[in-house]
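Enquirer: just coords:
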C-alpha cells in the first residue's frame, strides 16, 4: 500500500512553566500527534514531563525574558504578542491547547485550527473575581481593567478563527457559548488510572494536591480542618504558600512539590481528598477515585461533571469553611464503595480521551485533505501507543 505523509501539523500549548493538570492534558494531546511540531511561548525545562523532554519544543522571544522561571505570571501582557509571533505559516493543521492565548496564533491561510479549550482566559473574562483574590493594588487593578477590554475583543476575534472548538467540561462549553457565541463539543480531560492503586492502609488525614494560588481556595480547607480538629496534608507549591503557612495551625503539614510516588501514596491512604476551589475541570477528584478514595468538592465548575454526591464524593454548596466542614462530617458518615469509585474513574481514563480526540482529529484531517486535494496516511496510526 502506498504511504503518504500526514498533512503538516503544529501543536501549540500556551506555555510549559508549571506542572499542573493543563500540562498533563497537553502531554496527552501531544502523544496523539507524534508527527507534529510543538510550539509554546515559553517553557521551564525541569518542569517538563519525561515524555515532553523527548520532543523538540519551539519557543518564542519570551524564552529569553529575565527571571522568566519565577516571574512568568508578571509577563501576562506579552503572551498574546508572543503567540502571534509563532512561525506557523507552512502548516495545514494547527491543534492548540489553550487556557490563555494559544488560540491567538496567526492561523495560516487555508489551514484548519482545532482548539482544545481548557477555559476562556480566566483573568480576562472573570477579571473582578480574579483581581479580588489576587489582592492587586488599586492602581494596578485600574490599569489592568483598561487592558482587559481590548484583550476581550482580541480573544473573540481569535475564537472566531477556530474551526473546531472543544471544551474540557460542561461549564467551559457554557462559557464558550456565552463569551464567543460558539458551540463546542465536550471531551473531558484524561487521567492515567493505571498510575493509581487503592491501599488497605488508611491514614487519619485529609489531603489537598494543588498549586498554591488564591483561586484554589486552600484557605477554606485549612480553616475547615482547624474547626474540626482534623489533620490536613497539603502537597504543592506556589506564590500563596507563605500566606497559607501563616494562617495554618499545627494540624496542617505542607510537603511542597512532591514526586508522583509520594502523591499516589497519600492519595490512597487519606480519608478523602479536598477540592475547595471552583475549577474549569479538575483532575484531582478523579485521581482520588482512581485511588479508591472519595473527594469533597465545591459544588461548581468542573466538579459538576466529576463528583456524584454521596456516591463518588461529597459536594458543599457555599464557598465557606463552614460549608466545607459540614461536608467533611457528612463524608465521614458514609461507607465508601471502592469498586464504584474505581469504575467511575475509568470513565475518564486516558484511553477514553484518546478515542474521542482521535475521532475529532480524523474528521479534521479528512476535511483538510479534501480542501487541499491531497492524499494523506491515516494521521493517527502512530498514536495507538497512547495506552501503552
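Expert: Noted; the coordinates are in hand. What you see is a predicted model; the values in this text were computed from it and never measured. Residues are numbered from 1 along each chain as shown.

Enquirer: what's the end-to-end length of stretch 109-120?
Expert: Distance between the boundary residues of stretch 109-120 (Cα to Cα, to the nearest Å) amounts to 24 Å.

Enquirer: tell me which residues of it are tucked away?
Expert: Neighbour-count burial for stretch 109-120, with 16 or more other Cβ atoms under 10 Å as criterion, is recorded at 111, 112, 113, 114, 115, 116, 117, 118, 119, 120. The way it works is simple: take the backbone N, C-alpha and C, and place the C-beta from them, glycine included.

Enquirer: from these, which land in helices?
Expert: Applying DSSP state H to these, no entry is found in helices.

Enquirer: would you reformat those residues as CSV and include pLDDT and distance to residue 173?
Expert: Listed next are these as CSV, based on pLDDT from 0 to 100; distance: Cβ to Cβ, whole Å:
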residue, pLDDT, distance to residue 173
111, 93, 24
112, 95, 21
113, 97, 18
114, 97, 15
115, 97, 13
116, 98, 12
117, 97, 9
118, 96, 12
119, 94, 10
120, 94, 11
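
Enquirer: and the next element down the chain from the helix or strand harbouring residue 314?
Expert: Per DSSP states H and E, residue 314 falls inside strand 313-316. Using DSSP H and E, the helix or strand that directly follows strand 313-316 along the chain is helix 321-332.

Enquirer: residues making contact with that next one?
Expert: By Cβ atoms under 8 Å, 6 or more residues apart in numbering, the residues outside helix 321-332 that reach it are 206, 219-221, 223-225, 227-228, 230, 271-272, 274, 276, 294, 296, 298, 313-317.

Enquirer: same question, stretch 279-286
Expert: When contacts are defined by Cβ under 8 Å, 6+ apart, stretch 279-286 is touched by residues 21, 24, 99, 118-119, 122, 168-169, 171-172, 188-189, 191, 209-210, 273, 275, 295, 297, 301-303, 305-307, 312-313, 344-345, 348.

Enquirer: which of the residues in the one helix or strand residue 176 maps to are buried?
Expert: Using DSSP H and E, the element containing residue 176 is helix 170-180. By neighbour count on 16+ other Cβ under 10 Å, the buried set for helix 170-180 is 171, 172, 173, 175, 176, 179, 180.

Enquirer: repeat for stretch 354-365
Expert: Buried residues in stretch 354-365, counting neighbours by 16+ other Cβ under 10 Å, are found at 354, 357, 358, 360, 361, 364, 365.

Enquirer: report the mean confidence score over it.
Expert: Here stretch 354-365 scores 94 as its mean pLDDT.

Enquirer: got the domain ranges for this structure?
Expert: 9-190+349-387, 199-346 (automatic domain parsing).

Enquirer: any idea which of the ones you listed is most buried?
Expert: Most buried of the domains of the chain, by mean neighbour count (mean count of other Cβ atoms under 10 Å): domain 199-346, with a mean of 19.

Enquirer: quick check: the two most widely separated of the buried residues of stretch 109-120?
Expert: Farthest apart among these by Cβ to Cβ are 111 and 119. That separation is 23.9 Å.

Enquirer: picking up where we left off before, would you turn the buried residues of helix 170-180 into a markdown table with pLDDT and distance to residue 260?
Expert: Listed next are the buried residues of helix 170-180 as a markdown table, based on pLDDT from 0 to 100; distance: Cβ to Cβ, whole Å:
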| residue | pLDDT | distance to residue 260 |
| --- | --- | --- |
| 171 | 95 | 28 |
| 172 | 97 | 27 |
| 173 | 97 | 30 |
| 175 | 96 | 31 |
| 176 | 97 | 32 |
| 179 | 95 | 35 |
| 180 | 96 | 36 |
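
Enquirer: and the residues you listed, which is closest to residue 56?
Expert: Nearest to residue 56 among the buried residues of helix 170-180: residue 172, at 30.0 Å, using Cβ to Cβ.

Enquirer: wait, that closest one touches residue 116, no?
Expert: No - look at residue 172 against residue 116 with Cβ atoms under 8 Å: they stay out of range, at 10.3 Å.
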